[in-house]
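1. Have a look at this prediction, sequence included:
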Amino acid sequence: MNHTPRTRTVVSCTLLVIALGAGGTACGSGDNPLTAKPYDASDQISFNGPSGDGKKADPDKPLEVTAEDDDGRITDVTATDATGRYVTGELNADGTRWHSTSPLAANAHYTLRVSTEDEDGAPGRKVLAFDTSRPTTKKTLKVTFGPKSGKYGVGQPITAELDRPVKDKAQRAVVERALRVDSVPAVEGAWHWVDDKELHYRPKDYWPAHATVTVHSNLDGVKIGDRLWGAKSKPLKIGIGDKVVALTDASSHSMTVYKNGEEINEIPVTTGKPGFETRNGVKVVLGKEYFVRMRGTTVGIAEGSADSYDLPVYYATRVTWSGEYVHAAPWSVGSQGYENVSHGCTGMSTSNAEWFFDHINEGDVVKVVNSNGDTMETFGNGFGDWNMGWKKWRSGSALIAGTPDGPSPAQVARLRPESV
């Protein structure tokens, strides 16, 4: 050990009561190891990183720090790159060895801070810096986040599109761990793998009204597989508006619109007739179109048949990619509020459709109950993400599937103690 020994000073406590009574000063030592200036722990540890100018660490290999002195131990190790990304690691029980458990980024600069203590409890410190080499392959994985930047309703999921498929569970965990979603105010949420190239993120419940959501990837330079590395991706920031939920009861032929929990309108409607029943469940508004020409042939209805139609439609709010809308249907005003006569859409008068069009936005929630139709598809026909229960949603994560409900490991790792 290469530090100056310290002489311990014992302070007598014979006059403890007098001292406390006179000035409130407790006995103690001016040589408290907890307040001592850390010594240079260079001779107390070894590191498997590069030595010598110009040499770089292999990002494929884990970091390892070992205590070389039998009378000392490692107490803490932190490793971060220049962007602030932490490398997770494990320290064994006796403090003799620490090793990294998450991959290093390639072509990155790292700072390694090692804390130690000697047999007397004196603290040591060593700060190491090193660079990692460039990846040996140019095969990269890029992530594109959605939706586009802007303001959305409380039902809007976050999407992550990968430009290459990722099938291996361990590789999925690397990808998912690097995709960070933060909201103000904070909420509990999780990623769900839709397929090998797409993930969706949603909170346990709807986003809080007026929240701000930021999304970014930490995959740049991170090794995902044997020949696959993460690439830089564009971050995303969206705002959340008021909580607007339109609840359609197909059995009572009415739609009730709520804003931030308060009813603001009730509208007579008609939904899908037998054989064309409107889907039950939660749908998220995908967009609004002032004018749409609707043809029965686009949904499989033969031209010239009894159910064939070709109509100009106004104030159309889309809720599925297959063609389900909330729209003006002046031809069915006599049935609105009384019976279901549409081919699956929710129809209302032109004035009501205009009001709905003006008060609903992309990402808002349209929910249908008491229809004889199937439940809205979870994926593939819009955003039916909210129709999957939270437990099943979490099972689609590569990181938290099978773990108790609560914050993800990444969220827990970001927690920091606060001063009192």
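-> Thanks, I have it.
2. in what helix or strand does Glu266 lie?
-> Assessed by DSSP states H and E, Glu266 sits inside strand 262-268.
3. ok, so what distance separates Ala316 from Asp69?
-> 75 Å (Cβ to Cβ, to the nearest Å). Yep, even glycine has a C-beta here, placed from its N, CA and C like the rest.
4. which of the two has more neighbours?
-> With other Cβ atoms under 10 Å as the criterion, Ala316 and Asp69 differ in neighbour count, and Ala316 comes out ahead with 20 against 17.
5. what comes up buried for the helix or strand containing the more buried one?
-> Ala316 is part of strand 310-318 when elements are defined by DSSP H and E. Buried residues in strand 310-318, counting neighbours by 16 or more other Cβ atoms under 10 Å, are found at Val313, Tyr314, Tyr315, Ala316, Thr317, Arg318.
6. Which members of the residues you listed define the maximum pairwise distance?
-> Using Cβ to Cβ, the pair of those lying farthest apart is Tyr314 and Arg318, separated by 13.4 Å.
7. before we move on, the earlier item: by contact count, what packs against the strand holding Glu266?
-> Helices and strands touching strand 262-268, as assessed by 3 or more Cβ pairs under 8 Å, 6 or more residues apart in numbering; DSSP states H and E, comprise strand 254-259, helix 350-359.
8. quick revisit: neighbouring strands - and their directions - for the strand holding Ala316?
-> strand 287-295 (antiparallel), strand 325-328 (antiparallel) (DSSP bridges).
9. Go through those strands and pick out the most buried.
-> strand 325-328 (a mean of 26; mean count of other Cβ atoms under 10 Å).
10. Quick one: mean pLDDT for that one?
-> Here the mean pLDDT over strand 325-328 is 96, rounded to a whole number.
11. send the alpha carbons of that strand over as PDB?
-> Below are the C-alpha coordinates for strand 325-328, written out as PDB (Å, rounded to 0.1, in the frame of the first residue of the first chain):
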ATOM      1  CA  TYR A 325     -64.200   6.300 -38.700                       C
ATOM      2  CA  VAL A 326     -66.400   8.500 -36.600                       C
ATOM      3  CA  HIS A 327     -68.000  10.700 -39.200                       C
ATOM      4  CA  ALA A 328     -71.000  12.700 -40.400                       C
END
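12. residues making contact with that strand?
-> The list of residues contacting strand 325-328 from outside it, by Cβ atoms under 8 Å, 6 or more residues apart in numbering, reads 246, 255, 292, 294, 313-319, 345-350, 352-354, 356, 360, 366.
13. Would you confirm that Ile267 contacts Phe356?
-> Yes: Ile267 sits in contact with Phe356 when judged by Cβ atoms under 8 Å, with a separation of 7.0 Å.
14. Now the common contact residues for these two.
-> Met255, Val257, Met348.
15. Can you tell me the SS state at Trp331?
-> Three-state call for Trp331 (DSSP: H, G, I helix; E, B strand; the rest coil): helix.
16. do you know how far it is from Ser349?
-> From Trp331 across to Ser349, the span is 11 Å (Cβ to Cβ).
17. and if you look at Lys126?
-> Distance check for Lys126 against Ser349: by Cβ to Cβ, it reads 75 Å.
18. same deal with Arg293?
-> Taking Cβ to Cβ as the criterion, Arg293 is separated from Ser349 by 20 Å.
19. cool, and Lys204?
-> Where Ser349 is concerned, Lys204 sits at a distance of 37 Å (Cβ to Cβ).
20. and if you look at Tyr338?
-> When distance is defined by Cβ to Cβ, Tyr338 is 13 Å away from Ser349.
21. Point out where the protein drops to low pLDDT.
-> For the chain, the stretches flagged by pLDDT under 70 are 1-36, 51-52, 135-137, 295-310, 406-420.
22. Helix or strand: which one has the spatially most central residue of the chain?
-> If you average the C-alpha coordinates of the chain and look for the closest C-alpha using Cα atoms, centre = their mean, you land on Val181, 3.6 Å from that point. Counting by DSSP H and E, the element that carries Val181 is strand 179-184.
23. any idea which helix or strand carries Gln171?
-> Counting by DSSP H and E, the element that carries Gln171 is helix 169-178.
24. circling back: of Lys126 and Ser349, which one has the most company?
-> Neighbour totals were compared for Lys126 and Ser349, and Lys126 leads with 21 against 18 (other Cβ under 10 Å).
25. which SS class is the more buried one?
-> Classification of Lys126 by three-state DSSP places it in strand.
26. separation between it and Asn92?
-> Distance from Lys126 to Asn92, by Cβ to Cβ: 18 Å.
27. Skipping its backbone neighbours, what lies nearest Pro165 in space?
-> Once its chain neighbours are removed from consideration, Pro165 has its nearest residue in Asp196; the separation is 3.7 Å (Cβ to Cβ, 6 or more residues apart in numbering).
28. residue ranges for the helices of the stretch 1-150 of the chain, please.
-> 16-23 (DSSP state H, counting those that start in this stretch).
29. Got phi/psi on Pro103?
-> With angles defined as degrees, to the nearest 10, Pro103 shows backbone torsions of phi -70, psi 150.
30. Please name the residues that touch Phe252.
-> Just so we're on the same page, residue 252 is Ser rather than Phe. For Ser252, the contact set (Cβ under 8 Å, 6+ apart) comprises Asn370.
31. in stretch 146-153, what's buried?
-> So, applying 16+ other Cβ under 10 Å, buried residues of stretch 146-153: Pro147, Tyr152, Gly153.
32. From what I see, the second one and Phe383 are in contact.
-> No: under the criterion of Cβ under 8 Å, Tyr152 makes no contact with Phe383, lying 10.6 Å away.
33. give me the number of residues near the closest residue to Asn107 other than its chain neighbours?
-> By the measure of Cβ to Cβ, 6+ apart, the closest residue to Asn107 outside its immediate chain neighbours is Arg134, 4.7 Å from it. By the measure other Cβ under 10 Å, the count of residues near Arg134 is 14.
34. Good, we can wrap up now.
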